[in-house]
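Chemist: Predicted model and sequence below, questions to follow.
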Amino acid sequence: MFGECHAHVIMDGLNYRHAIQLHKISVQDSVIREHFRAYEKRGITFVRDGGDALGVSKRAKELAPEYGIDYRSPIFAIHKNGYYGKIVGIGFSNLKEYRGLVDIAKSQGADFIKIMISGIMNFGRAGELSCESLPPEEIKEMIHIAHEEGLAVMAHTNGKKAAEAASHYGIDSLEHCNFVDRETMEILAENQTLYVPTAATIANLLGCGRFPDEEVQKIFDIASQNIQHAWELKVPTALGSDAGAYLVPHGRGLEDEYKIFKNILGNSPQVDTWLMKGETLLKERFQRKNERDGMDNHRNNHPLTQVVK
Ligand SMILES: [Zn+2]
């Protein structure tokens, strides 16, 4: 069984506000346990979270072993004030503050750092993002600072410019990565950047009535094309559904994501092997450096991180 490489245990797949409200005063173990049971029931033993600002992911890390789950967490995501990301994390105004947040995440037990470098999609209008991307120079510094601390970096990103800059500067995984093209995928392949498209967040909206299906379909078609390019170019790719997002339940989200890949690429053992390889690479990269030592880690033969060191 594949692992869930992008989830938010704080969310419930139904109502974001309600889910957050539950944990506002104190983290509710019972809610976390319910989500973990959904994974356990399906034999899913690996979950990588995208973090949150209320300490839910932090607590989930403590509970996960009871469910036989290898759970990796950035504790909270980090965004630049005024840009997208408040929903899952803590903001900074300058790089000094960013460095401070990396230190806090690390001291709270983060396995890696999650950064937000571009806006979120407007599902009602294909191609539109909620805000500008961060400038490439800033993305470069953010990756560099986290790598200096021995932590891998997962980036929420959409749009060609941010995706290509992040890949160029040695980002470890790109999440969503909508509104890019074959050229972007060529760059990801060259830099061995992990791609986690979270296509279930789009496909599961079709027919739900919240957004015009025509726009959702356009967004999904672009994502499908990129998944096809990733496969052809052998971009390291892993299954992550963004479980917890609207209409993407924990556990089932991963099954949905897998089905989407099969629909696009066909039902072949080669696709499974490719995805399993991507997941193995992700598991190796997204753990703290002290746990990576002694392993044949990618950093030593990663052409870009040598520059970053
Ligand atoms: Zn997410």
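Modeler: Alright, I've got the coordinates.
Chemist: Quick check: residue 15 vs residue 60, distance?
Modeler: Noted for residue 15: a distance of 19 Å to residue 60, by C-beta to C-beta, to the nearest Å. C-beta here means a position set from N, CA and C on the backbone, and glycine is covered the same way.
Chemist: more neighbours, the two?
Modeler: Higher neighbour count among residue 15 and residue 60: residue 60, with 27 against 11, using other C-beta atoms under 10 Å.
Chemist: Let me see the contact set for that one.
Modeler: Shown in contact with residue 60 (C-beta atoms under 8 Å, 6 or more residues apart in numbering): 9, 32, 36, 49, 71, 73.
Chemist: Is there proximity between stretch 48-66 and the ion?
Modeler: Yes - legend: contact between stretch 48-66 and the ion by C-beta under 5 Å from the ion is shown at residue 50.
Chemist: Buried residues in that stretch, which are they?
Modeler: Residues of stretch 48-66 classed as buried: 48-54, 56-61, 63-64 (neighbour count, 16 or more other C-beta atoms under 10 Å).
Chemist: Please identify which of the residues you listed is nearest to residue 117.
Modeler: residue 50 (13.4 Å; C-beta to C-beta).
Chemist: Do I have it right that that closest one meets residue 114?
Modeler: Yes - look at residue 50 against residue 114 with C-beta atoms under 8 Å: they come within range, at 5.7 Å.
Chemist: which residues do the two both contact?
Modeler: Common contacts of residue 50 and residue 114, defined by C-beta under 8 Å, 6+ apart, comprise 74, 77, 88, 154, 156.
Chemist: which residues does the first one contact?
Modeler: Spelled out, that is residue 74. Residues in contact with residue 74 (C-beta under 8 Å, 6+ apart) are 49, 50, 51, 57, 105, 110, 111, 112, 113, 114, 154.
Chemist: try it again with 6 Å
Modeler: Neighbouring residues of residue 74 by C-beta atoms under 6 Å, 6 or more residues apart in numbering: 51, 110, 112, 113, 114.
Chemist: Ok, the second one next?
Modeler: If a contact means C-beta under 6 Å, 6+ apart, then residue 77 has 51, 85, 88, 89, 114, 116 as its contacts.
Chemist: can you do 10 Å?
Modeler: Listed by C-beta atoms under 10 Å, 6 or more residues apart in numbering, the contact partners of residue 77 are 8, 49-53, 57, 85-91, 101, 105, 113-116, 154-156.
Chemist: Show me which residues of the stretch 101-250 of the chain sit near the ion.
Modeler: Within reach of the ion by C-beta under 5 Å from the ion, the stretch 101-250 of the chain has these residues: residue 242.
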